[in-house]
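*Asks:* Sequence first, then the predicted structure, then my questions.
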Amino acid sequence: MSTKKIALVTGANKGIGKEIARQLGALGCVVLIGARDAGRGKAAAGELRAQGIDARPIKLDVTDETSIQAAAAQVEREFGGALDVLVNNAGIALDGHGTAASSTELDTLRKTYETNVIGPFAVTKYFLPLIKAATAGRIVNMSSGLGSLTLNSDTTSEYAQVKPLAYNSSKAALNMVTVILAAELQCTAIKINAACPGWTATDLNNNSGPRTIEQGAAIAVKLASLPDDGPTGGYFNDEGVIPW
Ligand SMILES: NC(=O)c1ccc[n+]([C@@H]2O[C@H](COP(=O)([O-])OP(=O)(O)OC[C@H]3O[C@@H](n4cnc5c(N)ncnc54)[C@H](OP(=O)(O)O)[C@@H]3O)[C@@H](O)[C@H]2O)c1
């Protein structure tokens with residue numbers, strides 16, 4: 001059995017997720033590269049291994065309950081029954097540009113919630129027994145400042161200028177999932193927090209953001225490595241606490 005910490009990052013075959021995996025690997029974790037496409041996961045893990053990271057691909061579609069259960073069973077079998085870190089990073093943004101919020105297609109809303117809300121919850125649900133078996137489990141939910149009700153209703157905030165209904169409301173729902181699970185897990189050693197990477201250039205936004213993936217990954221890595229007296233049930237970016 002490995003004495004290294006085991007970290008699972010969902011949607012780690014590219015973008016911020018792959019960079020979170022790289023940074024956690026550089027801190028000494030064995031990183032499990034969650035990817036819905038086995039080939040893309042294998043390629044990303046190979047790329048990270050070439051950089052000296054102990055990265056292993058694991059097939060995991062966060063919208064497929066069977067896939068999540070199979071991945072949890074695999075981790076239990078292969079890594080001594082415990083998972084130290086779970087980063088629920090996989091996410092999608094489907095809202096069309098220029099579409100009025102009130103015209104959002106129901107299918108867009110359903111698909112977005114499947115990946116951005118039900119997905120992270122389902123992965124947490126099925127991996128929780130393994131996270132409870134770790135000495136100091138850490139769960140990070142990749143949210144967004146766009147999920148902040150406070151910032152989105154503050155007309156002076158830059159976040160209030162960006163209003164894709166499906167995406168923003170999915171991240172607000174993920175924030176509530178974080179708060180509720182943190183309350184349930186309060187009496188355990190587990191810490192669960194929501195992270196905002198900032199506007200980061202990735203495929204999600206046609207590589208339009210001003211931040212690099214290194215910058216975007218940093219807050220999730222910090223929350224994944226919190227000390228025992230660190231916060232739980234919070235919402236953070238690089239600068240500190242974000243208002244819900
Ligand atoms: N970029 C930003 O400015 C920004 C800002 C705030 C928050 N975020 C959040 O940060 C996270 C990472 O986003 P990113 O910018 O790195 O986007 P990205 O480059 O598009 O990467 C998204 C990742 O999620 C994966 N994914 C999508 N659906 C999945 C599913 N059903 N099962 C498993 N994996 C799935 C993708 O896999 P495939 O390659 O198979 O599609 C990909 O690996 C997301 O939660 C996003 O909402 C990003």
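*Replies:* Happy to help now that I have it.

*Asks:* now the longest helix seen in the chain, how far from the chain's geometric center?
*Replies:* Using DSSP state H to define each element, the chain has its longest helix at helix 165-184. How far helix 165-184 lies from its chain's middle: 12 Å, per Cα atoms, centre = their mean, to the nearest Å.

*Asks:* now residue 167: how far from the ligand?
*Replies:* 7 Å (Cβ to the nearest ligand atom, to the nearest Å). To be clear about C-beta, it is placed using only N, CA and C from the backbone, and glycine gets the same treatment.

*Asks:* Over to residue 27?
*Replies:* Residue 27 is 19 Å from the ligand, by Cβ to the nearest ligand atom.

*Asks:* picking that back up, restrict the following helix or strand past the longest helix of the chain to CA atoms and write it as CSV.
*Replies:* Counting by DSSP states H and E, the next helix or strand C-terminal to helix 165-184 is strand 191-195. The C-alpha coordinates for strand 191-195 follow below in CSV (Å, rounded to 0.1, in the frame of the first residue of the first chain):
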residue,chain,number,x,y,z
LYS,A,191,-13.0,19.5,5.0
ILE,A,192,-15.2,20.4,2.0
ASN,A,193,-15.0,23.8,0.4
ALA,A,194,-16.0,25.6,-2.9
ALA,A,195,-13.3,27.2,-5.0
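
*Asks:* what distance separates strand 191-195 from the middle of the whole chain?
*Replies:* On Cα atoms, centre = their mean, the centre of strand 191-195 falls 9 Å from that of its chain.

*Asks:* Would you map the helices across this protein?
*Replies:* Secondary structure of the chain (DSSP H): helices at 15-26, 38-49, 65-78, 106-113, 119-133, 149-152, 165-184, 213-224.

*Asks:* Pick the most buried one from those helices.
*Replies:* helix 15-26 (a mean of 25; mean count of other Cβ atoms under 10 Å).

*Asks:* Isn't residue 95 up against residue 166?
*Replies:* Yes. Counting by Cβ atoms under 8 Å, residue 95 does reach residue 166; the two are 5.1 Å apart.

*Asks:* Overlap in contacts, these two.
*Replies:* Contact criterion Cβ atoms under 8 Å, 6 or more residues apart in numbering; residues shared by residue 95 and residue 166: 104, 108, 112.

*Asks:* Quick check on residue 4: phi, psi?
*Replies:* Phi and psi for residue 4, reported as degrees, to the nearest 10, are phi -70, psi 150.

*Asks:* okay, it: pLDDT?
*Replies:* Residue 4 is assigned a predicted lDDT (pLDDT) of 95.

*Asks:* Look up the closest residue to it, ignoring the ones flanking it.
*Replies:* Closest residue in space to residue 4, ignoring its immediate chain neighbours: residue 30 at 5.0 Å, by Cβ to Cβ, 6 or more residues apart in numbering.

*Asks:* residues from this protein in reach of the ligand?
*Replies:* For the chain, the residues in contact with the ligand (Cβ under 6 Å from any ligand atom) are 10-11, 13-17, 36-37, 40, 60-63, 89-92, 115, 142, 144, 196-197, 199-200, 202-205, 209.
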